[in-house]
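>>> Fold the following.
(2 chains)
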Number of protein chains: 2
Amino acid sequence: MAYAVIFTSHKRADDGYGETSDRMLELAQQQPGFIAFESARGADGLGITVSYWQDLESIRAWKANAEHRVAQARGKSDWYSDYKVRVAKIEYEYGFDVTR
Amino acid sequence: MAYAVIFTSHKRADDGYGETSDRMLELAQQQPGFIAFESARGADGLGITVSYWQDLESIRAWKANAEHRVAQARGKSDWYSDYKVRVAKIEYEYGFDVTR
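Below you'll find the model as predicted:
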């Protein structure tokens, strides 16, 4: 079963954030084990990004990616006031689609 | 370790949604095993809600809650165009807070 990385954050600045964020998504999609990505930021400022990966090793490799590490450092120095990362193993899933 | 319920959705209508959504959060917080709740809906319409629970049994009990089941039915008949629920076991977590 796949793994989810749940990243919740509040930002304190935006300078260059969107550009780096787009680049990180592009780069993540090229990593081995990447499955999917979903992101939402509400009007109250809370952002939730969930990425899905084949295994823990893929998640570790993405965290250690050189360009991603530069972005992580800017995240701490410039963009985020706080964030939390939770790595979780998907046990089961189900869904609904009105068109099906 | 705790479990996360990742609920991602798109809505097709809003009628009565906010009221029921507030009530469901209030009710969830009263359930045994409830830990925390985070929610964001972006400008593109994607909503991500993550709730955290002590164990799978608490998650099953909340899903089976009578008032919650009525809300779930309205979710399908009225509010959501699609949603996905993923239940995941948290393996590890870490965070950052600029004020600490």
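>>> for A:Arg23, phi and psi?
Main-chain torsions, A:Arg23, degrees, to the nearest 10: phi -70, psi -40.
>>> Could you do the one 10 residues further on as well?
For A:Gly33, the backbone dihedrals are phi 90, psi -10 (criterion: degrees, to the nearest 10).
>>> what's the neighbour count on the residue nearest to it when sequence neighbours are not counted?
Among residues not flanking A:Gly33 along the chain, A:Ser58 sits closest, at 2.6 Å (C-beta to C-beta, 6 or more residues apart in numbering or on different chains). (Glycine included, C-beta is placed from N, CA and C.) A total of 20 residues lie near A:Ser58 under the criterion other C-beta atoms under 10 Å in any protein chain shown.
>>> quick one: A:Ser58 is in a helix?
Yes - assessed with DSSP: H, G, I helix; E, B strand; the rest coil, A:Ser58 lies in a helix.
>>> Pretty sure it sits against A:Gln30.
No - judged on C-beta atoms under 8 Å, A:Ser58 makes no contact with A:Gln30 at a distance of 11.8 Å.
>>> hang on, the earlier thing: how much space between the residue nearest to A:Gly33 and B:Arg60?
30 Å (C-beta to C-beta, to the nearest Å).
>>> Could I get the contacting residues of the residue nearest to A:Gly33?
By C-beta atoms under 8 Å, 6 or more residues apart in numbering or on different chains, A:Ser58 lies in contact with A:3, A:31-34.
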